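*Asks:* requesting a structural model of the entry that follows:
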Amino acid sequence: MAQRSKAYRAAAEKIAADTFYDPAQAIALAKDTSVSKFDATVEVAFRLGVDPRKADQMVRGTVNLPHGTGKTATVLVFAAGDRAEAAREAGADYVGSDDLLEKVAGGFTAFDAAVATPDMMGKVGRLGKVLGPRGLMPNPKTGTVTMDVAKAVQDIKGGKIEFRVDKHSNLHFIIGKASFDQQALQDNFDAALEEVLRLKPSSSKGRYISKATISTTNGPGVPVDVNDLRP
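*Replies:* Numbering: from 1, shown residues only. From the prediction side, this is the model:
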């Protein structure tokens with residue numbers, strides 16, 4: 001394992017050993033221990049008490065962060081005709097049908113989210129090997145397969161995030177930038193947490209959120225007291 005930088009070690013020393021913080025304290029400490037020279041992203045990681053191998057325990061959803069993410073997402077839209085024009089007017093960065101499908105099939109993935117009209121999904125589905133591993137496949141459950149592509153683009157550009165539990169039962173999402181004030185980060189965290197809790201599978205037994213950490217890009221993780229996260 002690569003040796004941690006002096007700045008990282010100094011930041012980590014600010015986090016008390018064997019201590020779990022309430023969300024507000026963890027957010028403040030994550031901001032204080034940011035070691036990046038750029039405006040770092042504030043990230044949240046949960047360990048969930050679910051078995052993602054079971055279809056009825058797959059936790060996946062979206063949430064509109066009240067204060068946005070601090071980054072304008074790059075959005076690609078698979079659409080044709082009037083829907084394609086609506087996507088362009090809404091601010092989509094890449095819009096197209098067969099031409100764009102061919103470009104993505106060739107390995108183009110320089111975007112943060114993909115949206116598609118339902119009639120395009122027969123072709124888009126063939127891009128599973130490219131889009132799937134990167135979490136970019138449009139999905140009706142997350143509002144990215146829709147006839148209202150303009151609204152989908154506006155939502156994503158406005159701070160909509162998507163999250164999905166991985167095969168190890170971990171869930172990651174962002175709540176903004178280190179430059180955000182404390183209340184903005186807290187509001188974003190609360191909004192995301194509420195949606196994660198709402199999506200708790202009925203078949204999930206025991207503690208739903210068993211571990212939680214808040215950190216900034218390249219910074220040390222701040223452990224959160226899961227007892228403060230409700231269920």
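
*Asks:* list the contacts of K167.
*Replies:* By C-beta atoms under 8 Å, 6 or more residues apart in numbering, K167 lies in contact with 52-53. The C-beta positions use only the backbone N, C-alpha and C, and glycine is treated the same way.

*Asks:* I'd like to know how far it sits from D93.
*Replies:* Distance of K167 to D93, computed by C-beta to C-beta, to the nearest Å: 30 Å.

*Asks:* what does A11 give?
*Replies:* 35 Å.

*Asks:* more neighbours: the two, which one.
*Replies:* Shown here are A11 and D93; by other C-beta atoms under 10 Å, A11 has more neighbours (21 against 18).

*Asks:* which other helices and strands contact the longest helix anywhere in the chain?
*Replies:* For the chain, the helix with the greatest residue count under DSSP state H is helix 182-198. Packed against helix 182-198, as judged by 3 or more C-beta pairs under 8 Å, 6 or more residues apart in numbering; DSSP states H and E, are the following elements: helix 23-32, strand 41-48, strand 60-64, strand 160-164, strand 170-177.

*Asks:* mind doing that once more with 7 Å?
*Replies:* helix 23-32, strand 41-48, strand 60-64, strand 170-177 (3 or more C-beta pairs under 7 Å, 6 or more residues apart in numbering; DSSP states H and E).

*Asks:* so for A150, which of the ones you listed sits nearest?
*Replies:* Relative to A150, the nearest member of the helices and strands packed on helix 182-198 by C-beta to C-beta is strand 60-64, separated by 15.6 Å.

*Asks:* chain center to whichever helix or strand comes after that closest one, what's the gap?
*Replies:* Remark: after strand 60-64, the chain's next helix or strand is strand 75-78, criterion DSSP states H and E. Chain-centre distance of strand 75-78: 17 Å, with C-alpha atoms, centre = their mean, to the nearest Å.

*Asks:* what do you get for stretch 145-160?
*Replies:* Mean C-alpha position of stretch 145-160 versus that of the full chain (C-alpha atoms, centre = their mean) differs by 15 Å.

*Asks:* over to stretch 30-42?
*Replies:* 18 Å.

*Asks:* against R53, how distant is R134?
*Replies:* Note on R134: its distance to R53, by C-beta to C-beta, is 21 Å.

*Asks:* try N227
*Replies:* For N227, the distance to R53 - C-beta to C-beta - is 28 Å.

*Asks:* just to revisit the earlier point, the helices and strands packed on helix 182-198: lowest mean pLDDT?
*Replies:* Across those, strand 60-64 has the smallest mean pLDDT, namely a mean of 91.

*Asks:* ok, now how distant is V42 from G135?
*Replies:* 19 Å.

*Asks:* of the two, give the one with the bigger neighbour count.
*Replies:* Neighbours were counted for V42 and for G135 using other C-beta under 10 Å; V42 has more, 25 against 16.
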